[in-house]
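**Student:** Would you be able to build a 3D model of this:
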Amino acid sequence: MKQKTTFICQNCGFHSPKWLGRCLNCGEWNTLIEEVEELVTAEYSFPASEPLLYEEIKEARRQRIKTKIEELNRVLGGGVVLGSLVLIGGEPGIGKSTLLLQVSGDFANQGEKVLYVSGEESLEQIKIRGERLGLRDGNLYLLAETNLERIIAQAEKLSPQVFVLDSIQTVFSSKLSSSPGTISQVREVANQVFRFSKRNGVSSFLIGHITKEGSLAGPKSLEHMVDVVLYFEGERDHAYRVLRALKNRFGPVSELAIFEMGRGGLKAISNPSAFFLKERPVEETGSVVVCTIKGSRPLLAEIQALVSATLFSGNPRRMTVGLDHFRASMLLAIVERKLGYSFAGEDIYLNVAGGLLIDEPAGDLGVILAVVSCLKNKAMPPDVSVFGEVGLSGEIRSVNQPLARLKEAHSMGFKRIILPEGNLSHLEKKDIPDINLMGVKNIKQALNIIF
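**Tutor:** All right, here's what the predicted structure looks like:
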């Protein structure tokens, strides 16, 4: 076995034979750390695998394990797939460990054997959290260990159905001399857990830290290796938490689950639309409710706009929260060009209430109506909801899943919907709920209806 010294960028994984102040690949400064790579020269013999016909492959009798948290099952695509590897990331203190301890307790109560490994907390600390969460007796085994080889040995001995590692950045392999959390260590830990899960059919969960930019720490290959990538987000000062799927080999992507953090742990919110609209002000200017889609779920969200005279002459502010900043700037330019308004001396603030993120173009019409509502000082009717993509010519284009959006708005008590005329012409009358639909071709028609 030979050793080789190399410098690895902790941001992108770039290798360099010598130290550099700035990474040549990603451009970050002071991210190259010296690591010792061990090159194995011995030859290994791997068991040969034979190709099988598609018809000869038998399906497993039980493909998924469901938790008692239905919202988590939705995000995972119907439950945890046997032998899958799930990576959960999020800011410190957001509730990752709390969620997985709750899930571990659910699996243990169903008769599944669960091994929860913590590299950050002692067994006594986990016990205190478990008492607060109300965990019952079950097949839940706890292990406080940071050495990967010892962890895998205990897992092989116990043969659990569910394996949880909290967190991947705190565990190290004795095969490498680098520190825990480095690119090499994270890659090696993920690789060994991956092989253990696939070899034994164990459903595994990995908790990962995030960088200051908000991305998952470690090599990009970590996200490619796992089957599911979940991201836990939310403000620690607020009670709600949002769990979204960024990658899922066994279900839809961009699914979303909303939880409320309390003393007894995380509680799933089954009706997110009511949750986000419960504090919406009535008859207030600059407030518009839009019908958006998160994964396969329709969701109503409130877009707020504030237009005020700027204090910075010649340099007005454009601030967005929950919306794409560049797309919002484009929509403001459309309003100026096609409707004749001028924002040269105005500061404009756009916000999605509740901290929700709207990343689909169906919210374009809502942004424009919110800005014009505040500018004209006229409130939107409280029973109106909107959706539609806006093009550069001011036309309103069709969006996907219009029927699901309409049914969600109808269930929340909205009586009138402004939507693209292209969507209205393709809807069948027998499927449309008892609601007044107003199809529009461009933003001028939409403004004439409202104002």
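
**Student:** residue contacts, residue 103?
**Tutor:** 67, 69, 72, 205 (CB atoms under 8 Å, 6 or more residues apart in numbering). Heads up, the C-betas are built off the backbone N, CA and C, glycines and all.

**Student:** quick one: which helix or strand includes it?
**Tutor:** Assessed by DSSP states H and E, residue 103 sits inside helix 96-109.

**Student:** and the next element down the chain from that helix?
**Tutor:** In N-to-C order, the element after helix 96-109 by DSSP H and E is strand 114-118.

**Student:** so how far is the helix or strand just after that next one off the chain centroid?
**Tutor:** Using DSSP H and E, the next helix or strand after strand 114-118 towards the C-terminus is helix 123-133. The chain centre lies 27 Å from the centre of helix 123-133; the measure is CA atoms, centre = their mean, to the nearest Å.

**Student:** what's the neighbour count on residue 417?
**Tutor:** 25 (other CB atoms under 10 Å).

**Student:** Pretty sure it sits against residue 435.
**Tutor:** Yes - Residue 417 is within contact range of residue 435, at 6.0 Å (criterion: CB atoms under 8 Å).

**Student:** what touches both of those two?
**Tutor:** 406, 409.

**Student:** Next, the buried residues of stretch 367-384.
**Tutor:** 367-375, 379-380, 382, 384 (16 or more other CB atoms under 10 Å).

**Student:** Measure how far that stretch is from the centre of its chain, please.
**Tutor:** That offset, for stretch 367-384, works out to 30 Å (CA atoms, centre = their mean).

**Student:** For the stretch 1-150 of the chain, which segments are assigned as helices?
**Tutor:** Remark: helices assigned in the stretch 1-150 of the chain by DSSP state H, counting those that start in this stretch are 70-76, 96-109, 123-133, 148-158.

**Student:** now those helices in TSV, with mean pLDDT?
**Tutor:** Converted to TSV, these look like this (pLDDT from 0 to 100):
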stretch	mean pLDDT
helix 70-76	89
helix 96-109	92
helix 123-133	92
helix 148-158	95
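
**Student:** So which of those helices is the most surrounded?
**Tutor:** Burial of the helices of the stretch 1-150 of the chain is given as mean neighbour count (mean count of other CB atoms under 10 Å); helix 96-109 ranks first at a mean of 23.

**Student:** That helix to helix 123-133, inter-axis angle?
**Tutor:** Calculated by axes from the mean of the first three to the mean of the last three CA atoms, to 10 degrees, helix 96-109 forms an angle of 80 degrees with helix 123-133.

**Student:** Just the CA atoms of helix 96-109, as CSV, please.
**Tutor:** Extracted in CSV, the C-alpha atoms of helix 96-109 (Å, rounded to 0.1, in the frame of the first residue of the first chain):
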residue,chain,number,x,y,z
LYS,A,96,-33.2,16.9,11.3
SER,A,97,-32.3,14.8,14.3
THR,A,98,-35.7,15.3,15.8
LEU,A,99,-37.4,14.1,12.7
LEU,A,100,-35.3,11.0,12.2
LEU,A,101,-35.6,10.1,15.9
GLN,A,102,-39.4,10.3,15.5
VAL,A,103,-39.3,8.2,12.4
SER,A,104,-37.0,5.6,14.1
GLY,A,105,-39.5,5.4,16.9
ASP,A,106,-42.3,4.8,14.4
PHE,A,107,-40.4,2.0,12.7
ALA,A,108,-39.5,0.4,16.0
ASN,A,109,-43.1,0.4,17.1
